[in-house]
Each structure stands twice: as structure tokens, then as C-alpha cells.
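Q: What would the 3D arrangement of this be:
(one chain, ligands or ions: 2)
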Amino acid sequence: TEEEMAGRVHAVKKQLGNRLFIPGHHYQKDEVIQFADTTGDSLQLAQQSALNREAEYIVFCGVHFMAETADMLTESHQKVILPDMRAGCSMADMADIHQTKTAWDRLQHVFGDTILPLTYVNSTAAIKAFCGKNGGATVTSSNAEKMLEWAFTQKERILFLPDQHLGRNTAYTLGIPLSRMAVWDPQKQQLEYEGELDDVKVILWKGHCSVHEKFTVENIQFLRQTNPEMNIIVHPECTHEVVQLSDMAGSTHYIIQAIQKAPPGSSWAIGTEMNLVNRLKNDHPDKTIISLNPNMCPCLTMNRIDLPHLTYSLERILQEEPGNIITVDNETTEYAVKALQRMLVRA
Ligand code: 13P
Ligand code: SF4
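A: Ligands and ions are numbered 1, 2, ... in the order given. Next up, the predicted model:
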């Protein structure tokens with residue numbers, strides 16, 4: 001039963017003490033997040049991983065790219081474990097290193113040496129390494145503006161991988177008009193752009209988050225008509241139209257802070273993953289909190305990490321047979337860490 005498993009997790013945590021560290025992303029289920037030693041958005045979890053030097057086992061409750069990042073930012077004696085290997089990210093899967101190199105060659109051919117690659121952390125270690133090697137950096141949804149500003153001090157143009165929406169929303173906030181943003185389609189290996197190529201400032205990789213794309217303009221219009229008092233806050237992985245029509249947009253950490261600061265009695269429609277929306281709703285009974293999309297939107301891969309998988313991976317550690325260890329090779333790590341460090345010193 002759930003109670004039995006919870007008891008087993010408590011027992012392993014007690015026995016391993018500081019040898020074990022459990023970071024948990026805000027999108028994780030309650031049954032898992034209750035055991036996290038720290039919770040955060042992807043930036044905070046990367047920072048925490050970089051700081052922890054003592055835990056022998058880091059059992060990462062999040063998705064694969066986050067565990068890879070944790071492995072690269074920790075020391076070699078520390079083992080990073082992902083409780084279920086199927087916990088990937090459909091957005092990160094929309095860009096692989098071969099497609100990236102093909103795009104880069106073509107774009108260099110068109111624009112010459114004027115482009116800096118930036119990648120959202122929701123990407124493979126190999127793509128982070130590619131960015132590191134080419135002078136670029138990683139970004140998260142809480143520092144994308146700062147990083148894009150920095151990137152423009154380095155080069156004239158930015159290639160932004162793999163989330164077109166975060167890229168578009170951030171560049172727009174910095175004053176870059178949509179007419180100066182091109183889209184790279186990795187399937188067709190084609191640049192989509194109607195104007196003069198010289199005008200291109202940002203090249204957006206045609207990827208997206210399948211969870212955040214479910215929040216629509218219709219959802220917003222419906223709420224504005226039926227409940228005009230409602231504040232609408234969304235994650236910048238939502239489309240440009242949705243972000244424009246919302247009242248506020250920001251990372252999961254930003255959303256949590258906005259709800260914490262909101263006055264009692266206020267009402268909020270949130271456009272982000274379901275586990276976080278439900279948790280905010282339970283934590284703030286004095287406020288009205290709903291999902292912007294009434295069908296709710298779970299991230300199926302985040303949800304792969306559940307109490308049975310957590311329990312099993314912890315017990316394997318106790319038996320000295322840890323499984324699902326995430327390791328990134330040394331060369332990839334060397335360059336990916338450059339990209340991550342360029343972000344972490346500015347974040
Ligand atoms: P943040 O943790 O940066 O808010 O990103 C949300 C997300 O989709 C993680 O996969
Ligand atoms: Fe990937 Fe979207 Fe899930 Fe985040 S919410 S892990 S970006 S699919």
C-alpha cells in the first residue's frame with residue numbers, strides 16, 4: 001500500500017542520512033514531492049545540484065535532462081539516479097544533436113559567423129555541449145531574458161533551441177518584433193522566413209512543450225467572458241498569443257511566488273502543469289485557483305516518477321545495487337558545463 005511504501009522511503013532516508021539527496025521538480029506528484037529534500041524549478045534544481053558535494057546518491061525526481069544536468073554539475077563520486085528511465089521530455093526529444101549540426105551548417109552558410117547558439121535546459125547533454133563549444137549557453141525559463149540580452153552582446157543573431165515559444169516570448173519581451181524572428185524546421189531542414197535575411201535577429205527551433213501548448217486563446221476568451229475578475233498567469237512555454245492575452249507569465253518559481261503574494265480572496269487561472277496547479281490550490285484555500293484549461297494538463301513523463309518507482313530505486317541503493325544511474329561522458333560534460341556555467345554565473 002501507499003502507506004507501506006511511504007514507511008519504507010522514510011526508513012531508507014533515515015538510514016542513508018546525508019549520503020542521500022532527493023531534489024524534486026515542482027511538476028512532480030505529491031506522493032513523491034513529500035520526500036524531496038529540496039524542491040524547485042529547473043534553474044533552482046541545477047543550482048542545488050552544483051552546490052551539493054557530499055551526497056553519494058542523488059535520486060532525481062524530475063525528468064531525464066535534469067538528471068543529466070545534475071550528473072554534469074556534481075563530482076564523479078556522486079551518482080545521479082532517475083527512478084524511472086522513461087521519464088523523458090517530449091520537447092527535449094524534438095531536437096537531437098545530428099539535426100542541430102545540420103541546422104548549424106546550413107545557418108552558417110546563410111548568415112556566416114554571426115550566430116550564437118542558446119539552448120533551453122530542456123535539451124540533451126549533447127546539445128548543451130554543442131552550445132558550450134560554440135560560445136553559447138543554456139537558459140531556463142527564469143533567466144531567459146537575461147541570457148538573451150547577454151547573447152546579443154556576443155553575436156548579432158541567436159539560434160534558440162528547442163522551444164520556439166520560450167524563445168519567441170522572451171525575444172518579444174526584449175523588444176524584438178515578430179517580423180525579425182525566423183523559424184528553423186528540423187524535419188524539413190528549412191528556414192521559414194518571409195522578409196530580408198539580413199533582418200533576422202532570432203532563429204527559433206520548431207519545438208514545443210506538448211503540455212503547455214494545451215492552453216489556448218479560446219480558454220482565455222472563455223474566462224474573460226465568464227469570469228472577468230480572474231487573473232490569468234501562464235508559463236512562457238505557452239504560445240505567444242496565449243502569453244500576450246494573459247495577465248502575467250513566468251517560470252514555475254515565478255508562478256508560485258505570484259500566488260503566494262496574491263491577496264486572500266483573489267482568483268487565479270493558471271496555465272501550467274496539473275500537479276503544480278493542484279498543489280497551489282491545496283496550499284492556498286483562501287484563494288480561488290483553477291487550471292486555465294479545465295481538462296487539466298498533466299506532464300505524462302514527469303508523472304512516470306511515482307511512489308513505487310521512488311521506493312524501488314531507494315531500496316536498490318540500500319542493497320548496494322543502485323540502478324538507473326545517469327552518466328554523461330567526459331567530453332560532453334566538459335563542453336556542456338561551459339554552457340551551464342555561462343548561465344549559472346549570470347542567473
Ligand atoms: P521551469 O522549471 O524552468 O519552470 O520549466 C518548466 C518545465 O517545463 C520543466 O520541464
Ligand atoms: Fe518537457 Fe513540457 Fe513535461 Fe516540462 S512539462 S518535462 S517541457 S514535456
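
Q: Could you use CA atoms for every contact and neighbour count after this?
A: Fine.

Q: ok, which stretches of the protein are helices?
A: 2-16, 30-33, 42-51, 64-73, 97-111, 125-133, 144-154, 164-173, 217-226, 240-245, 252-261, 274-283, 307-318, 330-344 (DSSP state H).

Q: Now mean pLDDT, mean neighbour count and distance to ligand 1 too, for these, in CSV please.
A: Listed next are the helices of the chain as CSV, based on pLDDT from 0 to 100; neighbours: other C-alpha atoms under 10 Å; distance: least, C-alpha to the nearest ligand atom, whole Å:
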stretch, mean pLDDT, mean neighbour count, distance to ligand 1
helix 2-16, 95, 14, 25
helix 30-33, 96, 18, 14
helix 42-51, 88, 20, 4
helix 64-73, 96, 25, 8
helix 97-111, 98, 14, 19
helix 125-133, 98, 25, 15
helix 144-154, 98, 18, 9
helix 164-173, 98, 23, 10
helix 217-226, 97, 14, 20
helix 240-245, 98, 19, 15
helix 252-261, 97, 17, 4
helix 274-283, 97, 18, 10
helix 307-318, 97, 18, 19
helix 330-344, 97, 20, 13
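
Q: So for residue 189, what's the nearest residue that isn't a sequence neighbour?
A: In space, and not counting its chain neighbours, residue 189 is closest to residue 103: 6.8 Å by C-alpha to C-alpha, 6 or more residues apart in numbering.

Q: ugh, wrong one, residue 179
A: Residue 179 sits nearest to residue 195 (C-alpha to C-alpha, 6+ apart), 7.5 Å away.

Q: Ramachandran angles for the closest residue to ligand 1 within the stretch 101-250 of the chain?
A: Of all residues in the stretch 101-250 of the chain, residue 141 sits closest to ligand 1, at 4.3 Å by C-alpha to the nearest ligand atom. Dihedral pair for residue 141: phi -70, psi -20, per degrees, to the nearest 10.

Q: Near ligand 2, which residues of this protein are found?
A: 89-91, 209-211, 299 (C-alpha under 6 Å from any ligand atom).

Q: Of these, just the buried ones, ChimeraX syntax please.
A: Entered in ChimeraX, the line below selects the buried ones among the residues of the chain next to ligand 2, by 16 or more other C-alpha atoms under 10 Å:
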select :89,90,91,209,210,211,299
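
Q: Would you reformat the residues of the chain next to ligand 2 as a markdown table and include pLDDT and distance to residue 182?
A: What follows is the residues of the chain next to ligand 2, written out as a markdown table (pLDDT from 0 to 100; distance: C-alpha to C-alpha, whole Å):
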| residue | pLDDT | distance to residue 182 |
| --- | --- | --- |
| 89 | 98 | 24 |
| 90 | 97 | 22 |
| 91 | 98 | 19 |
| 209 | 98 | 19 |
| 210 | 96 | 21 |
| 211 | 97 | 24 |
| 299 | 97 | 28 |
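
Q: circling back: would you mind giving the helices of the chain as CSV with distance to residue 80 added?
A: Shown next, in CSV, are the helices of the chain (distance: least, C-alpha to C-alpha, whole Å):
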stretch, distance to residue 80
helix 2-16, 15
helix 30-33, 17
helix 42-51, 10
helix 64-73, 6
helix 97-111, 23
helix 125-133, 14
helix 144-154, 26
helix 164-173, 28
helix 217-226, 39
helix 240-245, 35
helix 252-261, 23
helix 274-283, 24
helix 307-318, 11
helix 330-344, 14
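
Q: re earlier: can you name the two of the residues of the chain next to ligand 2 that are farthest apart?
A: Maximum pairwise distance in the residues of the chain next to ligand 2, criterion C-alpha to C-alpha, is 11.1 Å, between 91 and 299.

Q: quick one: the residue nearest to residue 70 when sequence neighbours are not counted and residue 263, what's the gap?
A: If the residues on either side of it in the chain are set aside, residue 70 comes closest to residue 49, at 5.4 Å by C-alpha to C-alpha, 6+ apart. Distance, residue 49 to residue 263, by C-alpha to C-alpha, to the nearest Å: 34 Å.

Q: Could you check which residue of the stretch 201-347 of the chain lies nearest ligand 2?
A: residue 209 (4.2 Å).

Q: Quick one: residues contacting that residue.
A: 90-91, 163, 237-238 (C-alpha atoms under 8 Å, 6 or more residues apart in numbering).

Q: now do residue 103
A: Contacts of residue 103 by C-alpha under 8 Å, 6+ apart are 184, 186, 189.

Q: Let me have those in TSV, adding pLDDT as columns.
A: Shown next, in TSV, are those (pLDDT from 0 to 100):
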residue	pLDDT
184	98
186	98
189	96
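
Q: Which ones among those residues map onto strands?
A: residue 184 (DSSP state E).

Q: If any of the contacts of residue 103 are buried, put those into a ChimeraX selection.
A: With 16+ other C-alpha under 10 Å as the criterion, this ChimeraX line picks the buried residues out of the contacts of residue 103:
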select :184,186
